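Q: Predicted coordinates and the sequence they were generated for:
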Amino acid sequence: MKVYVHNFFTEQFFLTLAHNSINRVYNINKKEKIGNVVCDYKGTSFEFIFNPELNDNSDGIHLIDFFSILKNHVVYNNFKDLEFEFSGKKQDIEIIKRIIELISDKKDWIFLYLRTEKILSKTDIPNLEMNTAVDELLYQLKNHKIITDNVFLNNKIESQYPNFFHAFTNSVYNWNDLIGIRWFYEFKNLFENLNKPYDIGFSIRRIKGNRKEILKLLKEQNNKKIFLSFTDYFVEDEDFFNRHVSNFLNMGLSYNSKKGNNDFENIENINNLNPTGLDLFFRILSKSKVQILDESWAWFPITYTHQYISEKTIGYILAGIPFISTHTYPLDILEKVLGLDRHPFYNQTKDSYNDSKKFCDFVKLFLENFDENYLLCSEWSKKANEKLIETILSKNDLLDLFNSNFKKNVISISKVLI
């Protein structure tokens, strides 16, 4: 099977496409980053031909990857005139518009859109104008197949998007290319052998949604077994962040500052190996037996029909870190894509995800019977870790889609989502 990949070659990108393939033979011009790689996967021979120049060859599948262009669009002749910053959704809109212009007269191309963000908002939050603009553009690619890291959690909604396909293992490798998510797995052996001083921890990077309220309510419980912290690692608005620092410090929260108080404490410019920051492992995840998972879109009090899971959820599972969640959607996704049993505290999350006080009351009850509840979370996390690693080591969802001629296996989770 021949696959024309209209992007430059990198080893990381190739692994995102063709992990778990065997018998690889590389014929790549390292300077120009074009060429081909031949490999085998589950009895099928693949030839990946990397060249950003478009063609109409009919002897293979055509694929174009969004993230490769986003990361370095100026090296692509068809995209180098675009002007945007690496943030927000404006760049998505400009890139997708250009892709539509380039392939509108073609059919059955593969648009690889492993965005590491929510990509369909119209079905859940139609008033997010910038996000729904992406929805409208993606609809213009209806003659092509769109591969995403987002998951449908409603079969009726999914039936309205027949050209959308989810590729879980490829999204994990995309996270690995983007932030080195493998380091969470490396942390697993260390985490298992640590003597954690706290029972449960909650740490925030972006100050948004109800995170401030949850911090405040948990702090008011005055429980010395709760570790609460915030960081300046990711600050989009310096003034907004600075207005909250003194309040957080007055609350007695731990401050994980990448700048520190002197030059030696400043880790901002040292080689971190992981864009999420190795301080996350040393200063945050090493502190508590259980973490509170607050996924990126958990602050919207709605039942999602379509969502993704970020490095937060995948990382906790790779590291074998037990957690409880502030929203049900990451648990729903894990249940669907990995076939996991329901999280032992799913119902408590469901009952409280739209109410900060109810969630913090749940945390209080969780801690009152901590040993038993910790065991339940640990056993589930262990099974989740085993299933995730088994899946990553044995599957390639994109190549499985190629082999099945894009046959969809519609799997329902064990509840009806409306």
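A: Received it, and whenever you're ready, just let me know what you need.
Q: Put the alpha carbons of the lowest-mean-pLDDT helix or strand in the chain into PDB.
A: Least confident helix or strand, the chain: helix 238-250 with a mean of 77, by mean pLDDT, DSSP states H and E. Output of helix 238-250 as PDB, limited to C-alpha atoms (Å, rounded to 0.1, in the frame of the first residue of the first chain):
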ATOM      1  CA  GLU A 238       1.100  38.200  32.900                       C
ATOM      2  CA  ASP A 239      -1.100  40.800  34.500                       C
ATOM      3  CA  PHE A 240      -4.000  38.400  35.000                       C
ATOM      4  CA  PHE A 241      -1.600  35.900  36.600                       C
ATOM      5  CA  ASN A 242       0.100  38.500  38.900                       C
ATOM      6  CA  ARG A 243      -3.300  39.600  40.200                       C
ATOM      7  CA  HIS A 244      -3.800  36.100  41.600                       C
ATOM      8  CA  VAL A 245      -0.400  35.300  43.000                       C
ATOM      9  CA  SER A 246      -0.800  37.200  46.300                       C
ATOM     10  CA  ASN A 247      -4.200  35.800  46.900                       C
ATOM     11  CA  PHE A 248      -3.000  32.200  46.300                       C
ATOM     12  CA  LEU A 249       0.100  32.800  48.500                       C
ATOM     13  CA  ASN A 250      -2.200  34.200  51.300                       C
END
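Q: where in the stretch 201-350 of the chain is pLDDT low?
A: The model of the stretch 201-350 of the chain has pLDDT under 70 over residues 235-237, 240, 273-275.
Q: quick one: the helices in it?
A: For the stretch 201-350 of the chain, the helices defined by DSSP state H, counting those that start in this stretch occupy 211-220, 238-250, 279, 311-319, 329-338, 346-352.
Q: right, and these - which one's nearest residue 29?
A: In terms of C-beta to C-beta, the element of the helices of the stretch 201-350 of the chain nearest to residue 29 is helix 311-319, at 32.7 Å. Yep, even glycine has a C-beta here, placed from its N, CA and C like the rest.
Q: Could you pull out the helices in the stretch 1-150 of the chain for me?
A: 11-18, 66-71, 90-103, 129-139.
Q: Quick one: closest of those helices to residue 375.
A: With C-beta to C-beta, the closest approach to residue 375 among the helices of the stretch 1-150 of the chain belongs to helix 11-18: 36.6 Å.
Q: Buried ones in that closest one, by neighbour count?
A: Applying a neighbour-count criterion of 16 or more other C-beta atoms under 10 Å, one finds 13-18 buried in helix 11-18.
Q: Report all helices and strands that it contacts.
A: strand 34-41, strand 44-50, helix 168-179 (3 or more C-beta pairs under 8 Å, 6 or more residues apart in numbering; DSSP states H and E).
Q: so how far is that helix from its chain's centroid?
A: 17 Å (C-alpha atoms, centre = their mean, to the nearest Å).
Q: tell me the angle of it relative to strand 34-41?
A: 40 degrees (axes from the mean of the first three to the mean of the last three C-alpha atoms, to 10 degrees).
Q: Would you mind checking the average pLDDT for helix 11-18?
A: When pLDDT is averaged along helix 11-18, the result is 98.
Q: Can you show me the CA trace of it as CSV?
A: Taking C-alpha atoms only, helix 11-18 is exported to CSV below (Å, rounded to 0.1, in the frame of the first residue of the first chain):
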residue,chain,number,x,y,z
GLU,A,11,11.6,10.3,12.5
GLN,A,12,9.1,11.4,15.2
PHE,A,13,6.5,12.1,12.6
PHE,A,14,7.1,8.8,10.9
LEU,A,15,6.6,7.0,14.2
THR,A,16,3.3,8.8,14.7
LEU,A,17,2.2,7.4,11.3
ALA,A,18,3.8,4.0,11.4
